[in-house]
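Undergrad: mind folding the following:
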Amino acid sequence: MRFSRSMASATLAAALVLAAPLATAAHARGDAENALSGAECRTRVDGSHVTAYCHNPYPETDRLRLHIECARWWDLDSDGRATDARPATTVRLAGRCWKEVRAAWVSHQHRGS
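TA: Predicted coordinates for the structure are as follows:
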């Protein structure tokens, strides 16, 4: 069976609408650790270079790690070293590929202060 683009778009939109109440319900349950902790990160890819600035406005330390997936099969993906974002601080994380970057993200590990 082959889907048209409009049918595929409608199916995706319906899935997103149905999933939204589940995410809201999970947040409403009061997941205290995730509700009031975790640095906000802004990641920028410029050619083969990746830079992330993460600001932690919360009273708990957040351990951050930059992950970079390179586009070329021979270019090694990397997981940066863990860096602590203490309360009310901004940290800079950076890395690169030899060629193009396919994806980049920051992982979080919440720690006590």
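Undergrad: any idea what residue 103 is bridged to?
TA: residue 69 (DSSP bridges).
Undergrad: how close does it get to residue 51?
TA: Noted for residue 103: a distance of 15 Å to residue 51, by Cβ to Cβ, to the nearest Å. All C-beta atoms are positioned from the backbone trio N, CA, C, and that covers glycine.
Undergrad: more crowded one of the two?
TA: Shown here are residue 103 and residue 51; by other Cβ atoms under 10 Å, residue 51 has more neighbours (16 against 13).
Undergrad: what bridges to the more buried one?
TA: Beta-bridge partners, per DSSP bridges, of residue 51: residue 44, residue 94.
Undergrad: okay but it is in contact with residue 101, surely?
TA: No - the pair formed by residue 51 and residue 101 falls short of the contact definition of Cβ atoms under 8 Å, at 11.1 Å.
Undergrad: what's around the closest residue to residue 80 other than its chain neighbours, how many residues?
TA: Closest residue to residue 80 apart from its sequence neighbours, by Cβ to Cβ, 6 or more residues apart in numbering: residue 66 at 3.9 Å. Neighbour count for residue 66, taken as other Cβ under 10 Å: 24.
Undergrad: and residue 66, what element?
TA: According to DSSP states H and E, residue 66 maps onto strand 61-70.
Undergrad: next SSE downstream of that strand?
TA: Assigned by DSSP H and E, the successor of strand 61-70 is strand 78-79.
Undergrad: cool, thanks, talk later.
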